[in-house]
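Asks: dropping a prediction and its sequence here:
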Amino acid sequence: DAGITQSPRYKITETGRQVTLMCHQTWSHSYMFWYRQDLGHGLRLIYYSAAADITDKGEVPDGYVVSRSKTENFPLTLESATRSQTSVYFCASQRDTQYFGPGTRLTVL
Amino acid sequence: QKEVEQDPGPLSVPEGAIVSLNCTYSNSAFQYFMWYRQYSRKGPELLMYTYSSGNKEDGRFTAQVDKSSKYISLFIRDSQPSDSATYLCAMSAIRGYQKVTFGTGTKLQVIP
């Protein structure tokens, strides 16, 4: 099915571990985004990408790494997870409007 | 002070009521205004997108922007239980989604 998918949907990890969240879209949209959503803060942009091999920082990039070797994939890596990175993470892609994935609920113990 | 303020609710209304959801903002550079709907455990979906001041209507939904007061509203007429969701306002000074500031969302419950 066409759309935007995220995996895993739920993840529990420990502080200091590396975690990679996956995002895949089937529309071949150029722009892709990673957000985190926290109570009291709303959605905040972590990183975005205008095309394969082009990425840029958003509002809260510290502690995160992204890559985009293929147009359809935009993984987000937490190199050394911290408790403050416990959140719900949303990936989005854009043509005329943004389309959001279902989210990954990450808990860092 | 946050750039965008939104009452978190929850807001409970009976089916058929007119719902008014609001956001205030402090950045006078904002020109693009959006409303998203987010169902529980789902990603947000764009409902309305407006530029500058004025009203925009789409079915039962009306978005209103008052730049002089730095105040935006979303009205839902004839509210339905399926409208129960969290509504996020969002705004930007430039076209595109790289610099969008979101409100924290208002949770709406429409009671049958």
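Replies: Cool, the structure landed.
Asks: which residues does the residue in chain B positioned nearest to chain A contact?
Replies: Among residues of chain B, the one nearest chain A by Cβ to the nearest Cβ turns out to be B:Gly43. It sits 3.0 Å away. The way it works is simple: take the backbone N, C-alpha and C, and place the C-beta from them, glycine included. With Cβ atoms under 8 Å, 6 or more residues apart in numbering or on different chains as the criterion, the residues that contact B:Gly43 are A:90, A:92, A:100-103.
Asks: how does it look with 6 Å?
Replies: Contact partners of B:Gly43, counting by Cβ atoms under 6 Å, 6 or more residues apart in numbering or on different chains, are A:90, A:100-103.
Asks: which residue, other than its chain neighbours, is closest to it?
Replies: Closest residue in space to B:Gly43, ignoring its immediate chain neighbours: A:Phe100 at 3.0 Å, by Cβ to Cβ, 6 or more residues apart in numbering or on different chains.
Asks: now for residue 15, how many residues are close by?
Replies: No chain specified, so I'll use chain A. By other Cβ atoms under 10 Å in any protein chain shown, the residues close to A:Thr15 number 12.
Asks: the intended chain is chain B.
Replies: Other residues lying near B:Glu15 total 12 when counted by other Cβ under 10 Å.
Asks: packing partners of the helix or strand containing A:Met32?
Replies: Taking DSSP states H and E as the criterion, A:Met32 maps to strand A:31-38. Contact partners of strand A:31-38 among helices and strands, from 3 or more Cβ pairs under 6 Å, 6 or more residues apart in numbering or on different chains; DSSP states H and E: strand A:42-51, strand A:87-94.
Asks: and those: which comes nearest B:Ser28?
Replies: Within the helices and strands packed on strand A:31-38, the stretch nearest B:Ser28 is strand A:42-51; the backing value is 20.1 Å (Cβ to Cβ).
Asks: I'd like the next helix or strand past that closest one.
Replies: Counting by DSSP H and E, what follows strand A:42-51 is strand A:54-57.
Asks: may I have the beta-bridge partners of the residue nearest to B:Ser73 when sequence neighbours are not counted?
Replies: The shortest distance from B:Ser73 to any residue that is not its chain neighbour, by Cβ to Cβ, 6+ apart, is 4.4 Å, and that residue is B:Gln64. According to DSSP bridges, B:Asn55, B:Ser73 are recorded as the beta-bridge partners of B:Gln64.
Asks: which other helices and strands contact the lowest-mean-pLDDT helix or strand in chain A?
Replies: Taking mean pLDDT, DSSP states H and E as the measure, the helices and strands of chain A show their lowest mean at strand A:98-100, namely a mean of 89. Contact here means 3+ Cβ pairs under 6 Å, 6+ apart; on that basis strand A:98-100 packs against strand A:87-94.
Asks: can you list contacts of the strand it packs on?
Replies: Under the criterion Cβ under 6 Å, 6+ apart, residues A:4, A:6, A:21, A:23, A:25, A:29, A:31-38, A:98-101, A:103-105, B:43, B:97 lie in contact with strand A:87-94.
Asks: name the residue closest to the centre of chain A, please.
Replies: Note on chain A: the residue nearest the mean C-alpha position is A:Trp34, at 3.6 Å, using Cα atoms, centre = their mean.
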